[in-house]
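**Student:** Dropping the sequence and predicted coords here.
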Amino acid sequence: MTIISLLSVLAVASISLASPLTVVERDDKCYPQNMVTDQRDYGCPRKNQLDSNGHCGGIPSQPGKQGCSSYCEVSLAKGYGQEIPFKHGFCQGGISCNIGESESVSTTQTWTISGSGGLGTGEEISKALTGAFDIGASYSWSKTLTYTTSTLHTKELPEGSCGYWTFIPYVMTSCGTVSMTGTKSQSAGYYGTNTYTTCSGTIKDQGNWCNNAFFKDDNGKSDGEVVFVYVDCEKGGVLQDKDIKDGKQPASYWYPGVATGPK
(Lines give C-alpha, C1' and ligand atoms only; values in the text may rest on other atoms or scores of the structure.)
Protein backbone atom coordinates (compact mmCIF):
# COMPACT_ATOMS: atom_id res chain seq x y z
CA MET A 1 0.00 0.00 0.00
CA THR A 2 1.46 3.41 -1.00
CA ILE A 3 1.16 6.59 1.05
CA ILE A 4 -1.57 7.75 -1.35
CA SER A 5 -3.54 4.58 -0.68
CA LEU A 6 -3.05 5.11 3.03
CA LEU A 7 -4.68 8.51 2.71
CA SER A 8 -7.84 6.95 1.32
CA VAL A 9 -7.93 4.48 4.20
CA LEU A 10 -7.40 7.01 6.98
CA ALA A 11 -8.78 10.28 5.61
CA VAL A 12 -11.58 12.01 7.47
CA ALA A 13 -13.66 15.06 6.68
CA SER A 14 -11.95 17.54 8.97
CA ILE A 15 -8.93 18.41 11.12
CA SER A 16 -7.92 19.71 14.59
CA LEU A 17 -5.14 20.48 17.06
CA ALA A 18 -4.64 20.46 20.82
CA SER A 19 -4.78 23.65 22.88
CA PRO A 20 -2.19 25.25 25.17
CA LEU A 21 -3.00 25.07 28.88
CA THR A 22 -4.32 28.08 30.73
CA VAL A 23 -2.78 29.08 34.07
CA VAL A 24 -5.67 27.42 35.94
CA GLU A 25 -5.37 24.19 33.94
CA ARG A 26 -1.61 23.95 34.51
CA ASP A 27 -2.25 23.96 38.26
CA ASP A 28 -5.13 21.44 38.12
CA LYS A 29 -3.89 17.92 38.86
CA CYS A 30 -7.20 16.54 37.57
CA TYR A 31 -6.76 18.13 34.15
CA PRO A 32 -5.94 15.31 31.66
CA GLN A 33 -2.57 16.72 30.59
CA ASN A 34 -1.47 16.54 34.24
CA MET A 35 -2.73 12.99 34.90
CA VAL A 36 -0.96 9.64 34.59
CA THR A 37 -2.63 7.55 31.90
CA ASP A 38 -4.98 4.83 33.22
CA GLN A 39 -4.19 5.64 36.84
CA ARG A 40 -7.27 6.29 38.95
CA ASP A 41 -7.10 9.53 40.90
CA TYR A 42 -9.15 9.42 44.09
CA GLY A 43 -8.31 12.98 45.13
CA CYS A 44 -10.17 15.08 42.56
CA PRO A 45 -12.74 17.55 43.98
CA ARG A 46 -16.13 15.89 44.49
CA LYS A 47 -19.39 17.62 43.73
CA ASN A 48 -21.48 15.14 45.76
CA GLN A 49 -20.56 13.08 48.82
CA LEU A 50 -21.56 9.61 50.04
CA ASP A 51 -23.44 9.57 53.33
CA SER A 52 -22.87 7.18 56.25
CA ASN A 53 -25.22 4.63 54.64
CA GLY A 54 -23.32 4.63 51.35
CA HIS A 55 -26.01 6.59 49.52
CA CYS A 56 -25.01 9.44 47.24
CA GLY A 57 -26.21 12.77 48.56
CA GLY A 58 -27.79 15.25 46.21
CA ILE A 59 -30.97 13.42 45.26
CA PRO A 60 -33.39 16.30 44.57
CA SER A 61 -36.60 16.76 46.53
CA GLN A 62 -38.50 16.83 43.22
CA PRO A 63 -37.58 15.12 39.94
CA GLY A 64 -35.22 17.18 37.79
CA LYS A 65 -33.24 16.42 34.65
CA GLN A 66 -31.57 13.69 36.68
CA GLY A 67 -34.94 12.29 37.73
CA CYS A 68 -34.61 11.17 41.34
CA SER A 69 -31.00 10.05 41.09
CA SER A 70 -27.60 11.36 42.12
CA TYR A 71 -24.02 10.45 41.22
CA CYS A 72 -20.99 10.58 43.52
CA GLU A 73 -17.69 10.36 41.69
CA VAL A 74 -15.04 8.40 43.58
CA SER A 75 -12.23 8.18 41.02
CA LEU A 76 -11.21 9.74 37.72
CA ALA A 77 -8.80 8.39 35.12
CA LYS A 78 -7.47 9.59 31.78
CA GLY A 79 -7.24 7.50 28.63
CA TYR A 80 -7.37 8.12 24.89
CA GLY A 81 -9.96 7.71 22.15
CA GLN A 82 -9.58 6.55 18.57
CA GLU A 83 -7.35 8.78 16.47
CA ILE A 84 -8.77 11.21 13.91
CA PRO A 85 -6.20 11.70 11.11
CA PHE A 86 -5.97 15.17 9.57
CA LYS A 87 -7.40 15.33 6.10
CA HIS A 88 -4.42 17.24 4.71
CA GLY A 89 -1.84 15.90 7.16
CA PHE A 90 -0.13 13.26 4.99
CA CYS A 91 3.43 14.04 3.89
CA GLN A 92 6.38 12.45 2.10
CA GLY A 93 10.04 13.15 2.91
CA GLY A 94 12.09 16.19 2.06
CA ILE A 95 9.49 18.78 3.07
CA SER A 96 8.17 20.65 6.09
CA CYS A 97 4.93 18.87 7.02
CA ASN A 98 2.48 21.35 8.55
CA ILE A 99 -1.01 21.47 10.01
CA GLY A 100 -2.35 25.02 10.23
CA GLU A 101 -4.80 26.86 12.45
CA SER A 102 -8.61 26.96 12.34
CA GLU A 103 -9.17 23.44 11.06
CA SER A 104 -11.64 21.12 12.78
CA VAL A 105 -12.28 17.45 13.45
CA SER A 106 -15.38 15.73 14.69
CA THR A 107 -16.31 12.20 15.70
CA THR A 108 -19.05 10.31 17.51
CA GLN A 109 -18.73 7.20 19.69
CA THR A 110 -21.37 4.55 20.35
CA TRP A 111 -21.07 4.36 24.13
CA THR A 112 -24.17 5.04 26.27
CA ILE A 113 -25.04 5.50 29.92
CA SER A 114 -27.21 2.84 31.53
CA GLY A 115 -27.91 1.30 34.91
CA SER A 116 -28.06 -2.16 36.39
CA GLY A 117 -28.30 -3.70 39.82
CA GLY A 118 -32.00 -2.92 40.16
CA LEU A 119 -31.85 0.69 38.93
CA GLY A 120 -33.98 -0.15 35.93
CA THR A 121 -33.54 0.13 32.18
CA GLY A 122 -34.99 2.08 29.29
CA GLU A 123 -34.68 5.51 27.71
CA GLU A 124 -36.06 7.47 30.66
CA ILE A 125 -33.69 5.77 33.10
CA SER A 126 -30.79 6.44 30.73
CA LYS A 127 -31.73 10.14 30.49
CA ALA A 128 -31.98 10.43 34.27
CA LEU A 129 -28.63 8.71 34.82
CA THR A 130 -26.99 10.90 32.18
CA GLY A 131 -28.33 13.96 33.99
CA ALA A 132 -27.04 12.65 37.32
CA PHE A 133 -23.62 11.96 35.79
CA ASP A 134 -23.40 15.48 34.34
CA ILE A 135 -24.19 17.00 37.73
CA GLY A 136 -21.92 14.78 39.82
CA ALA A 137 -18.92 13.97 37.61
CA SER A 138 -15.84 16.14 37.15
CA TYR A 139 -16.57 16.39 33.43
CA SER A 140 -19.92 16.23 31.63
CA TRP A 141 -20.75 13.09 29.67
CA SER A 142 -20.26 13.30 25.93
CA LYS A 143 -19.91 10.84 23.09
CA THR A 144 -19.39 13.52 20.42
CA LEU A 145 -16.29 15.59 19.80
CA THR A 146 -15.65 18.70 17.74
CA TYR A 147 -12.32 20.45 17.91
CA THR A 148 -10.74 23.43 16.14
CA THR A 149 -7.03 24.02 15.83
CA SER A 150 -5.45 27.05 17.49
CA THR A 151 -1.74 26.63 16.71
CA LEU A 152 0.57 25.61 13.87
CA HIS A 153 2.27 22.20 14.09
CA THR A 154 5.36 21.52 11.97
CA LYS A 155 7.45 18.42 11.27
CA GLU A 156 10.65 18.51 9.21
CA LEU A 157 10.76 15.23 7.29
CA PRO A 158 14.07 13.96 5.89
CA GLU A 159 14.20 12.26 2.51
CA GLY A 160 12.82 8.75 2.63
CA SER A 161 10.43 9.43 5.54
CA CYS A 162 6.64 9.52 5.35
CA GLY A 163 3.81 9.98 7.81
CA TYR A 164 0.73 11.87 8.83
CA TRP A 165 -0.59 14.19 11.53
CA THR A 166 -3.42 12.86 13.69
CA PHE A 167 -5.51 14.01 16.65
CA ILE A 168 -5.90 11.70 19.67
CA PRO A 169 -8.69 12.87 22.01
CA TYR A 170 -8.63 12.52 25.77
CA VAL A 171 -11.24 10.14 27.17
CA MET A 172 -12.07 10.43 30.86
CA THR A 173 -13.34 7.47 32.90
CA SER A 174 -15.35 8.47 35.94
CA CYS A 175 -16.25 5.78 38.50
CA GLY A 176 -18.39 6.09 41.60
CA THR A 177 -21.78 5.38 43.14
CA VAL A 178 -25.13 6.26 41.62
CA SER A 179 -28.19 6.33 43.90
CA MET A 180 -31.83 6.43 42.85
CA THR A 181 -35.20 6.54 44.53
CA GLY A 182 -38.81 6.48 43.38
CA THR A 183 -41.45 9.18 43.13
CA LYS A 184 -44.59 10.01 45.06
CA SER A 185 -47.49 12.15 43.86
CA GLN A 186 -49.90 13.91 46.17
CA SER A 187 -52.58 16.56 46.16
CA ALA A 188 -51.37 20.13 45.94
CA GLY A 189 -54.43 22.28 45.32
CA TYR A 190 -57.91 23.12 46.59
CA TYR A 191 -60.06 20.00 46.62
CA GLY A 192 -57.14 18.09 45.11
CA THR A 193 -57.39 19.76 41.70
CA ASN A 194 -53.59 19.65 41.28
CA THR A 195 -50.85 17.23 42.25
CA TYR A 196 -47.13 17.52 42.71
CA THR A 197 -44.45 14.86 42.58
CA THR A 198 -41.60 14.37 45.02
CA CYS A 199 -38.62 12.02 45.18
CA SER A 200 -39.47 9.49 47.84
CA GLY A 201 -38.97 5.84 48.77
CA THR A 202 -36.22 3.31 49.24
CA ILE A 203 -32.86 4.38 47.85
CA LYS A 204 -31.13 1.94 45.51
CA ASP A 205 -27.37 2.16 44.98
CA GLN A 206 -25.00 0.94 42.31
CA GLY A 207 -21.34 1.11 43.25
CA ASN A 208 -18.33 1.02 40.95
CA TRP A 209 -20.48 2.60 38.23
CA CYS A 210 -18.09 3.73 35.49
CA ASN A 211 -18.65 5.74 32.33
CA ASN A 212 -16.43 7.09 29.57
CA ALA A 213 -16.70 10.60 28.17
CA PHE A 214 -14.69 12.77 25.82
CA PHE A 215 -12.92 15.42 27.84
CA LYS A 216 -14.45 18.89 27.64
CA ASP A 217 -13.36 21.87 29.72
CA ASP A 218 -15.65 24.35 31.47
CA ASN A 219 -16.12 26.17 28.16
CA GLY A 220 -17.17 22.99 26.37
CA LYS A 221 -13.91 22.67 24.42
CA SER A 222 -12.43 19.24 23.73
CA ASP A 223 -8.74 18.50 24.04
CA GLY A 224 -6.22 15.80 23.26
CA GLU A 225 -2.84 15.31 21.63
CA VAL A 226 -1.74 16.20 18.12
CA VAL A 227 0.97 13.76 17.05
CA PHE A 228 2.91 12.77 13.96
CA VAL A 229 2.82 9.09 13.00
CA TYR A 230 5.57 7.58 10.83
CA VAL A 231 4.56 5.14 8.08
CA ASP A 232 6.36 3.03 5.52
CA CYS A 233 6.58 5.09 2.32
CA GLU A 234 6.09 2.07 0.07
CA LYS A 235 3.71 -0.19 1.97
CA GLY A 236 1.86 2.43 4.01
CA GLY A 237 2.02 0.47 7.26
CA VAL A 238 2.69 2.18 10.58
CA LEU A 239 6.36 1.81 11.54
CA GLN A 240 7.71 0.39 14.78
CA ASP A 241 10.18 2.56 16.69
CA LYS A 242 13.13 0.37 15.67
CA ASP A 243 12.38 1.12 12.02
CA ILE A 244 12.32 4.92 12.42
CA LYS A 245 15.70 6.49 11.71
CA ASP A 246 15.39 9.88 13.41
CA GLY A 247 12.37 9.65 15.69
CA LYS A 248 9.81 7.41 17.31
CA GLN A 249 6.05 6.99 17.46
CA PRO A 250 4.15 8.90 20.17
CA ALA A 251 3.35 6.77 23.22
CA SER A 252 -0.34 7.67 23.06
CA TYR A 253 -0.60 6.13 19.58
CA TRP A 254 -0.05 2.65 21.04
CA TYR A 255 -2.85 3.07 23.59
CA PRO A 256 -5.50 0.34 23.03
CA GLY A 257 -8.10 1.40 20.47
CA VAL A 258 -6.30 4.53 19.25
CA ALA A 259 -4.61 3.37 16.03
CA THR A 260 -6.59 3.05 12.80
CA GLY A 261 -3.66 2.77 10.40
CA PRO A 262 -2.54 -0.51 8.79
CA LYS A 263 0.37 -2.32 10.47
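**Tutor:** On my side now, so go ahead.
**Student:** quick check: longest strand of this structure.
**Tutor:** strand 162-180 (DSSP state E).
**Student:** strands paired with it, and their directions?
**Tutor:** Applying DSSP bridges, strand 162-180 is found paired with strand 69-80 (antiparallel), strand 84-92 (antiparallel), strand 204-214 (antiparallel), strand 224-231 (antiparallel).
**Student:** among those strands, which is nearest residue 53?
**Tutor:** Between residue 53 and the strands paired with strand 162-180, the tightest spacing by C-beta to C-beta is seen for strand 204-214, at 8.8 Å. Every C-beta, even on glycine, is put in place using the N, C-alpha and C of the backbone.
**Student:** tell me the mean pLDDT for that closest one?
**Tutor:** Over the span of strand 204-214, the pLDDT mean works out to 93.
**Student:** Averaging pLDDT over each of the strands paired with strand 162-180, report the lowest-scoring one.
**Tutor:** Checking each of the strands paired with strand 162-180, the one with the poorest mean pLDDT is strand 84-92, at a mean of 88.
**Student:** C-terminal to it, what's the next element?
**Tutor:** strand 96-99 (DSSP states H and E).
**Student:** For the residue positioned nearest the centre of the chain, list each beta-bridge partner.
**Tutor:** Nearest residue to the geometric centre of the chain (C-alpha atoms, centre = their mean): residue 214, 1.6 Å. Beta-bridge partners for residue 214, by DSSP bridges, are residue 171.
**Student:** what residues are up against it?
**Tutor:** Going by C-beta atoms under 8 Å, 6 or more residues apart in numbering, residue 214 touches 81, 109, 142-145, 169-172, 222.
**Student:** Show me the shaky parts of this structure.
**Tutor:** The chain contains residues with pLDDT under 70 at 1-27, 117, 188-193, 262-263.
**Student:** same for the longest helix seen in it, what does it pack against?
**Tutor:** Longest helix of the chain, by residue count under DSSP state H: helix 123-136. When contacts are defined as 3 or more C-beta pairs under 8 Å, 6 or more residues apart in numbering; DSSP states H and E, helix 123-136 sits against strand 69-80, strand 162-180.
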